[in-house]
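Participant: Give me coordinates for this.
(chains A and B)
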Amino acid sequence: EAQVTQNPRYLITVTGKKLTVTCSQNMNHEYMSWYRQDPGLGLRQIYYSMNVEVTDKGDVPEGYKVSRKEKRNFPLILESPSPNQTSLYFCASSLSVGGSANSPLHFGNGTRLTVT
Amino acid sequence: GNSVTQMEGPVTLSEEAFLTINCTYTATGYPSLFWYVQYPGEGLQLLLKATKADDKGSNKGFEATYRKETTSFHLEKGSVQVSDSAVYFCALSDTGANNLFFGTGTRLTVIP
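Facilitator: Predicted coordinates for the structure are as follows:
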């Protein structure tokens, strides 16, 4: 089954404790992206990747890191999480340029992160 | 720049009622327009799309028409069901852009 898999689904951590949220897709997609979803703000893009070893900042990259060493994986790293990073995070992928008409985005089921 | 504005929610309707969720956009190029739906506990999934002016996207009884003159892409459904309860996001993809621009989402609750 074609899918984007994120882990974990829920994560509670403390300020400053490094964490990684994994994302994997099995569709051989070139484009991958991370979003955060906050009430009243919709989805905001954190980072995206056009292909292996190619990553770029989205709208809200501060406090996050990503890597794209393999085509299928795109982990999100929070080196020193803070409470304002408490949010619902989504990984997404698409065949080519993110979310174009011929290349819609496929989303994972989300990771709810709480930083205390 | 690019942006999407959709109507504030939440929206609560009775089963079989008519649904409209308004969406307007600004774009610098010739955007494609989308509606994504997020069911409880799941990620977003594409509901419908339109790539040029006057195109109508449709899926699962939902429709939206790309209106360039009013820069709008309103979502409609003639008769909603309880299973349509979800959050609906309007989005645009502009020419040459590397990402989608999402609206803030509208939560729809349909009661029996």
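Participant: give me the number of residues near the residue lying closest to A:Lys17 once chain neighbours are set aside?
Facilitator: Nearest residue to A:Lys17, sequence neighbours excluded (CB to CB, 6 or more residues apart in numbering or on different chains): A:Pro81, at 6.6 Å. C-betas here are computed from N, CA, C, even on glycine. By the criterion of other CB atoms under 10 Å in any protein chain shown, A:Pro81 has 22 neighbours.
Participant: what's the answer for B:Asp54, then?
Facilitator: 10.
Participant: Below-threshold pLDDT in chain A: ranges please.
Facilitator: A:98-99, A:101 (pLDDT under 70).
Participant: Mind listing the residues bridging to B:Phe62?
Facilitator: Under DSSP bridges, the beta-bridge partners of B:Phe62 are B:Asn59, B:Lys77.
Participant: that older thread, from A:Val54, how far out is the residue nearest to A:Lys17?
Facilitator: Distance of A:Pro81 to A:Val54, given as CB to CB, to the nearest Å: 26 Å.
Participant: just B:Ser83 next, same as before
Facilitator: Counting by CB to CB - B:Ser83 and A:Val54 are separated by 40 Å.
Participant: okay, now the nearest residue to B:Cys23 once chain neighbours are set aside: neighbour count?
Facilitator: Spatial nearest neighbour of B:Cys23, excluding adjacent residues (CB to CB, 6+ apart): B:Cys90 at 3.5 Å. Residue neighbour count, defined by other CB under 10 Å, stands at 29 for B:Cys90.
Participant: Direction included, what does the helix or strand containing B:Cys90 pair against?
Facilitator: B:Cys90 is part of strand B:86-93 when elements are defined by DSSP states H and E. Neighbouring strands of strand B:86-93 in its sheet, by DSSP bridges, are strand B:32-38 (antiparallel), strand B:101-102 (antiparallel), strand B:106-111 (antiparallel).
Participant: OK, contacts around residue 83?
Facilitator: Going with chain A. Applying CB atoms under 8 Å, 6 or more residues apart in numbering or on different chains to A:Pro83 gives the contacts A:Thr15, A:Val115, A:Thr116.
Participant: should've been chain B
Facilitator: Contacts here follow CB under 8 Å, 6+ apart; on that basis B:Ser83 touches B:Val110.
Participant: My understanding was that B:Gly57 contacts B:Trp35; is that so?
Facilitator: Yes: counting by CB atoms under 8 Å, B:Gly57 touches B:Trp35, with 7.3 Å between them.
Participant: So for the two, which residue has more residues nearby?
Facilitator: Counted by other CB under 10 Å, B:Gly57 and B:Trp35 do not tie: B:Trp35 has more neighbours, with 25 against 22.
Participant: Would you check that the more buried one makes contact with B:Val87?
Facilitator: No: contact criterion CB under 8 Å: B:Trp35 and B:Val87 do not qualify, at 11.1 Å.
Participant: for chain A, what are the nearby residues on chain B?
Facilitator: B:32, B:34, B:36, B:41-46, B:49, B:51, B:89, B:91, B:93, B:97-100, B:102-105 (CB under 8 Å from any CB of the partner chain).
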